[in-house]
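1. My questions are about this predicted structure, shown below with the sequence.
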Amino acid sequence: MVEKIYVISRLGMLNADLILNLILDFFKKRDISASGYTLYGDEVHLEEVASILKKKSRHTFLLNGNGFEIHLASVLRYQVDILSISAENGKNMFWDDWITSISEQVKVVQAWLVDADYDYWQNAEDSLQYISHGRPWEHLPKRSNGLPPPLEKQIIDTSNNPGHRRFCMGYLEAIGAVMWLGDDFWSLTGANKNDLLKQSWLKSREIPNGLLRIQVGNTLFSTASEGSDAIQLMLRGLLFPRAVAV
């Protein structure tokens with residue numbers, strides 16, 4: 001299983017230099033190679049990336065290599081920075097250590113851990129994604145992409161998928177079996193922290209830097225089948241009480 005972590009912060013908080021330095025330090029402590037990566041297809045050493053970005057006046061990046069995909073992006077419309085890291089050997093990544101490391105430097109709004117494959121298909125809106133993988137898609141619900149003609153077209157409606165992501169101002173509606181929720185999360189989403197803490201099916205504990213760590217079960221969500229979908233939808237309801245259908 002490829003594991004993927006998402007980290008969300010306010011716009012401008014997750015700057016490239018900071019993230020690259022944290023990654024280099026994190027990898028060095030775990031004997032993970034800093035060479036053998038590509039930056040938008042060009043081979044690079046991790047220590048070279050910051051200077052390359054400065055020369056090109058870039059503030060975001062997409063790195064691949066050694067079983068990792070590291071993507072830093074900013075979404076101005078919703079005032080968020082997003083860092084995602086996919087790892088083929090995710091169980092050896094010590095995600096809690098990574099969250100501690102980054103939350104010591106920036107204020108984390110939210111973070112969550114997913115099965116990368118499940119996350120991909122729960123959010124696949126383009127029929128070409130299915131066609132290229134030989135998957136049927138004709139039976140799936142559709143909706144307009146909301147763009148004016150001639151850009152308007154029908155896309156796959158993922159809004160009822162328990163694992164779908166949706167951008168909101170300052171945060172994302174998204175869940176994982178393991179999540180880290182910052183102090184700002186509650187006011188942004190309208191979620192009631194005390195209600196969450198009362199749930200017997202959730203494990204929760206306060207961790208450093210103002211984060212609440214929650215966990216559902218012992219494995220990542222990997223299916224939307226009956227039973228698992230109910231748990232995921234209950235979690236969504238607790239965390240995003242203001243959510244409305246797209």
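-> Arrived safely.
2. quick one, strands of the protein?
-> 3-10, 37-39, 42-44, 61-65, 68-75, 80-87, 108-115, 142-144, 154-156, 166-168, 171-173, 178-181, 203-207, 211-215 (DSSP state E).
3. Let me know which of the ones you listed is the nearest to residue 27.
-> strand 68-75 (9.0 Å; CB to CB). To be clear about C-beta, it is placed using only N, CA and C from the backbone, and glycine gets the same treatment.
4. could you say what helices and strands that closest one packs with?
-> Helices and strands touching strand 68-75, as assessed by 3 or more CB pairs under 8 Å, 6 or more residues apart in numbering; DSSP states H and E, comprise helix 16-29, strand 61-65, strand 80-87.
5. Dump the strands of the chain to CSV, plus mean neighbour count.
-> Output for the strands of the chain, formatted as CSV (neighbours: other CB atoms under 10 Å):
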stretch, mean neighbour count
strand 3-10, 22
strand 37-39, 18
strand 42-44, 12
strand 61-65, 17
strand 68-75, 18
strand 80-87, 21
strand 108-115, 25
strand 142-144, 12
strand 154-156, 15
strand 166-168, 16
strand 171-173, 21
strand 178-181, 24
strand 203-207, 12
strand 211-215, 19
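6. Any chance of a markdown table for those, columns distance to residue 52 and mean pLDDT?
-> Output for the strands of the chain, formatted as a markdown table (distance: least, CB to CB, whole Å; pLDDT from 0 to 100):
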| stretch | distance to residue 52 | mean pLDDT |
| --- | --- | --- |
| strand 3-10 | 22 | 98 |
| strand 37-39 | 6 | 98 |
| strand 42-44 | 7 | 96 |
| strand 61-65 | 9 | 97 |
| strand 68-75 | 14 | 98 |
| strand 80-87 | 18 | 97 |
| strand 108-115 | 27 | 98 |
| strand 142-144 | 39 | 96 |
| strand 154-156 | 34 | 96 |
| strand 166-168 | 28 | 97 |
| strand 171-173 | 28 | 98 |
| strand 178-181 | 30 | 98 |
| strand 203-207 | 34 | 97 |
| strand 211-215 | 32 | 98 |
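7. Of those, give the one that comes closest to residue 236.
-> Comparing the strands of the chain by CB to CB, strand 171-173 comes nearest, at 7.2 Å.
8. okay, the closest residue in space to residue 217 that isn't next to it in sequence: pLDDT?
-> Among residues not flanking residue 217 along the chain, residue 177 sits closest, at 6.0 Å (CB to CB, 6 or more residues apart in numbering). With respect to pLDDT, residue 177 has a value of 97.
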